[in-house]
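**Q** I'd like to go over a predicted model; first the sequence, then the structure.
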Amino acid sequence: MQKQPGVDSVEVASSEHNAETVLRTYDLSKRYGTRTAVNQLNLDIRRGELVGFLGPNGAGKTTSIRMILGLIEPTAGRVELFGRDLARERASLLPRVGALVEMPALYLHLTGRQNLRVFGEVLGGVSRQRIDEVLEIIGLQTRQKDRVRSYSLGMKQRLGLGIALLHNPDLLILDEPANGLDPEGIVEMRDLLRGLTYEGKTVFLSSHLLSEIQQICSRVVIINAGKLVADSTVEELTRKQGDYLVRLERASEALCLLQKQPWGHLARLEGTDQLITSAPGGSGRELYTFLAQAGFVPESLAPVTQDLEQVFFSLINANEGEQAQ
Ligand SMILES: Nc1ncnc2c1ncn2[C@@H]1O[C@H](COP(=O)(O)OP(=O)(O)OP(=O)(O)O)[C@@H](O)[C@H]1O
């Protein structure tokens with residue numbers, strides 16, 4: 001479901017809460033000698049979500065992803081996929097997961113289609129029809145008969161994703177899928193990932209491209225030094241201190257009224273026909289009603305937002321400050 005900012009976010013959050021849990025980690029931890037790479041990480045990812053996994057270099061993203069994929073053993077804690085314990089039911093669970101952690105070694109002298117066929121044979125049970133479907137999903141039908149050597153990096157990256165999709169997994173885990181892509185390749189990858197969630201797939205991806213994450217992800221998990229720093233919808237994270245930007249006629253008159261309210265004393269003008277204010281009970285709907293009843297019907301009213309990048313750096317800096325104390 002596409003999230004709308006503002007008044008209906010409560011309903012959106014509660015419907016998400018009912019969705020099936022696809023990936024869950026319980027106090028997942030990994031130590032390398034004395035270094036703790038991942039520290040009691042608890043994740044809860046639900047069906048159809050596109051969740052961004054963020055953190056500065058060395059935060060523990062790849063280590064977490066490797067544990068979730070059963071590639072390395074946790075030092076402590078555990079992973080559940082589709083409600084089942086990964087350590088116990090690995091053989092039946094991992095086929096439901098597709099991963100792009102490192103670029104698979106593509107056969108450059110073979111065509112895109114032949115690559116899918118070769119990887120499909122290794123996996124087993126991949127039909128010709130599934131290869132056609134995958135070529136369509138990754139948008140390589142028209143180039144399927146060209147040798148991979150002639151592909152752009154973006155096309156190779158999409159082919160890598162195609163290989164991860166061959167067995168039609170329910171959950172996709174991608175480590176930096178847009179790494180090294182040019183802006184056009186990034187847009188293609190963005191459309192492709194969105195399309196996958198429309199089909200009901202769940203996508204969990206790490207990336208350094210914060211603006212991309214802001215555009216495509218419904219939720220972000222941020223870690224620093226192996227620990228969870230934030231787990232929230234993009235909308236909640238980027239909404240600035242509960243402020244609203246209101247466009248209305250007679251803005252300076254409305255401002256006088258707002259400044260007399262206990263929740264509105266910090267209200268301020270923004271240009272001639274807009275103002276920024278807090279809302280009664282933090283609710284945009286109540287702010288709208290208050291203004292409308294006082295005869296100042298807003299032309300528009302929206303939460304003030306900041307870039308995910310700003311939020312990310314302030315959270316990481318605050319977290320590092322706390323750790324230093
Ligand atoms: N095999 C290993 N042996 C020892 N230390 C490791 C190993 N793998 C990772 N680490 C350490 O664990 C920490 C987390 O690394 P990890 O690669 O998971 O971070 P990351 O968030 O994926 O970073 P990046 O964004 O740079 O890829 C780092 O301090 C790293 O040096």
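**A** Great, that's in hand.

**Q** contact residues of this structure facing the ligand?
**A** With CB under 6 Å from any ligand atom as the criterion, the chain comes near the ligand at residues Tyr32, Arg35, Ala37, Gly55, Asn57, Gly58, Ala59, Gly60, Lys61, Thr62, Thr63. C-beta here means a position set from N, CA and C on the backbone, and glycine is covered the same way.

**Q** go again using 8 Å as the cut-off
**A** Contacts of the chain with the ligand, taken as CB under 8 Å from any ligand atom, map to 30, 32-33, 35, 37-38, 55-66, 72, 175-176, 206, 208, 223, 226.

**Q** so of the residues you listed, which ones are in strands?
**A** Lys30, Tyr32, Arg35, Ala37, Val38, Asp175, Ser206, Ile223 (DSSP state E).

**Q** pull the CA atoms of stretch 283-295 into PDB?
**A** Backbone C-alpha positions of stretch 283-295 (Å, rounded to 0.1, in the frame of the first residue of the first chain) are rendered in PDB as follows:
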ATOM      1  CA  SER A 283      -2.600  15.800  14.700                       C
ATOM      2  CA  GLY A 284      -2.800  17.400  11.300                       C
ATOM      3  CA  ARG A 285      -6.500  16.700  11.200                       C
ATOM      4  CA  GLU A 286      -7.100  18.600  14.400                       C
ATOM      5  CA  LEU A 287      -5.000  21.500  13.200                       C
ATOM      6  CA  TYR A 288      -7.100  21.600  10.000                       C
ATOM      7  CA  THR A 289     -10.400  21.600  12.000                       C
ATOM      8  CA  PHE A 290      -9.100  24.200  14.400                       C
ATOM      9  CA  LEU A 291      -8.200  26.600  11.600                       C
ATOM     10  CA  ALA A 292     -11.300  25.900   9.600                       C
ATOM     11  CA  GLN A 293     -13.600  26.600  12.600                       C
ATOM     12  CA  ALA A 294     -11.800  29.900  13.200                       C
ATOM     13  CA  GLY A 295     -12.500  30.900   9.600                       C
END
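
**Q** export the ones in strands among the residues of the chain next to the ligand to CSV and tack on neighbour count, distance to Asn115 and pLDDT?
**A** Below are these laid out as CSV (neighbours: other CB atoms under 10 Å; distance: CB to CB, whole Å; pLDDT from 0 to 100):
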residue, neighbour count, distance to Asn115, pLDDT
Lys30, 22, 33, 98
Tyr32, 11, 34, 96
Arg35, 9, 38, 93
Ala37, 21, 33, 97
Val38, 30, 33, 97
Asp175, 20, 20, 89
Ser206, 24, 24, 92
Ile223, 26, 34, 95
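
**Q** show me the helices in this protein, by range?
**A** Counting by DSSP state H, one finds helices in the chain at the ranges 9-17, 61-68, 86-93, 112-123, 128-137, 153-165, 183-198, 210-216, 234-238, 251-259, 284-293, 308-324.
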